[in-house]
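**Student:** Just the structure for this:
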Amino acid sequence: MTIVEQIYLYAQQRLGGFADFVLKVLLALILYFIARKLIAKLCVVIRKNMLKFHADLAITSFTVSLVKYSLNIFLVLTIIVQLNLVKESSITAAIASAGVAISLALQGGLSNFAGGVLILLLKPFKVGDYIVFPNENQEGTVRKIEMYYTTINSVDNRTIMIPNANLTNSTIVNVTAMEKRKLEIKVGISYSSNLMEAKAILKRLVETEPRFLEEEKQFFVDELGESCITVGLRAWVLTDNYWPVKWEMNEKIKQEFDDAGIEIPYPQMDVHLK
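**Tutor:** Coordinates of the predicted model:
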């Protein structure tokens, strides 16, 4: 006979009724908190070992989350049955009678769980990727993929939790999936400006920027619009350099065009009075 059973029998002999129920609840709480500590330590051990063997971060976080939730549910049911807080027949009857209600309640949860499994198998993105989720106008760096939610951090350090089912049923843009990206910049110039000089400036700026890769570069006239000629460039950069290069090039283009007297038109209205 275990110590817990001895304590329980002793208290049952000395006390009865309400005191007996209170003792059961106290024992249940003690066992629950002790077991939760052990589950937490087990999850830490699982995470460390998976990372030790270079398991994918997404699979690691998903597995730890699955173990944590499963063991906690099993723990609660075990304590209820072992301490006779509720009879086994009562639990079985309650689960059977509430089967339809539980399935409806868990419908969203099950779809999110299935979505998490699909994400891990198909790998549309992984931990560390920068994704854009147009349906909810959200974007950020993926931090973890768990049973029901994928957590991303936005550029201004907001934590955003997106249900896995939403991600698997919608369009996702994985910005960092490839090692390099083609940078495209278009700018409008007035019809009175020197078109060839504008293209020459774009070419010179690209040639002198070391972060552009030694691959195909394009300089073109994109459109002859109503109020401007749209010129542009396309060149390859590493994905990590995409935004810094884009921002710097926009600034340099404006400065160079101003120095060369090339006008960038903007909407304006001329009023003539008679």
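**Student:** confidence score at the residue lying closest to Gln138 once chain neighbours are set aside?
**Tutor:** Of all residues not flanking Gln138 in the chain, Ile160 sits nearest, at 5.4 Å (Cβ to Cβ, 6 or more residues apart in numbering). For the C-beta atoms, the positions are set from N, CA and C on the backbone; glycine is no exception. As summarised for this prediction, Ile160 has a pLDDT of 94.
**Student:** Check which helices and strands the helix or strand in which Ile160 is found sits against.
**Tutor:** The secondary structure element spanning Ile160 is strand 159-163 (assigned by DSSP states H and E). Under the contact criterion of 3 or more Cβ pairs under 8 Å, 6 or more residues apart in numbering; DSSP states H and E, the helices and strands touching strand 159-163 comprise helix 107-122, strand 138-145, strand 149-153.
**Student:** got those as TSV, with distance to Asp270, mean neighbour count and mean pLDDT columns?
**Tutor:** What follows is these, written out as TSV (distance: least, Cβ to Cβ, whole Å; neighbours: other Cβ atoms under 10 Å; pLDDT from 0 to 100):
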stretch	distance to Asp270	mean neighbour count	mean pLDDT
helix 107-122	56	16	82
strand 138-145	41	19	92
strand 149-153	48	21	93
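**Student:** Val187 is nearest to which of these?
**Tutor:** Of all the helices and strands packed on strand 159-163, the one in closest proximity to Val187, counting by Cβ to Cβ, is strand 138-145 (25.2 Å).
**Student:** and the closest one, which strands flank it?
**Tutor:** Strand pairing for strand 138-145, determined by DSSP bridges: strand 130-133 (antiparallel), strand 149-153 (antiparallel).
**Student:** Select, out of the ones you listed, the one closest to Lys180.
**Tutor:** Distances from Lys180 to each of those were compared using Cβ to Cβ; the minimum, 14.5 Å, belongs to strand 130-133.
**Student:** Now stretch 243-254 - C-alpha only, CSV.
**Tutor:** Once non-C-alpha atoms are left out, stretch 243-254 reads as follows in CSV (Å, rounded to 0.1, in the frame of the first residue of the first chain):
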residue,chain,number,x,y,z
TRP,A,243,15.3,45.8,-48.4
PRO,A,244,18.5,47.7,-47.4
VAL,A,245,19.5,47.9,-51.1
LYS,A,246,16.0,48.9,-52.3
TRP,A,247,15.8,51.8,-49.7
GLU,A,248,19.3,53.0,-50.5
MET,A,249,18.8,52.9,-54.2
ASN,A,250,15.6,54.9,-54.0
GLU,A,251,17.5,57.6,-52.1
LYS,A,252,20.4,57.6,-54.5
ILE,A,253,18.1,57.7,-57.6
LYS,A,254,16.3,60.8,-56.2
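**Student:** any idea of the mean pLDDT for it?
**Tutor:** 96.
**Student:** mind checking which of the helices and strands packed on strand 159-163 is nearest Ser193?
**Tutor:** Among the helices and strands packed on strand 159-163, strand 138-145 comes nearest to Ser193, with 36.0 Å by Cβ to Cβ.
**Student:** would you list the strands paired with strand 138-145 in TSV and tack on distance to Arg47?
**Tutor:** Compiled in TSV, those are given as follows (distance: least, Cβ to Cβ, whole Å):
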stretch	distance to Arg47
strand 130-133	23
strand 149-153	16
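**Student:** Gly188: which element?
**Tutor:** Using DSSP H and E, Gly188 sits within strand 180-189.
**Student:** quick check: longest helix of this structure.
**Tutor:** With DSSP state H setting the assignment, residue counts place helix 18-52 as the longest helix in the chain.
**Student:** what's the following helix or strand past it packed up against?
**Tutor:** Per DSSP H and E, helix 18-52 leads on to helix 57-82 as the next helix or strand towards the C-terminus. Using 3+ Cβ pairs under 8 Å, 6+ apart, the elements in contact with helix 57-82 are helix 18-52, helix 88-97, helix 107-122, strand 138-145.
**Student:** Run the chain-centre distance for helix 57-82.
**Tutor:** In terms of Cα atoms, centre = their mean, to the nearest Å, the gap separating the centre of helix 57-82 from the centre of its chain is 22 Å.
**Student:** Any stretches of this protein with poor pLDDT?
**Tutor:** 1-21, 82-108 (pLDDT under 70).
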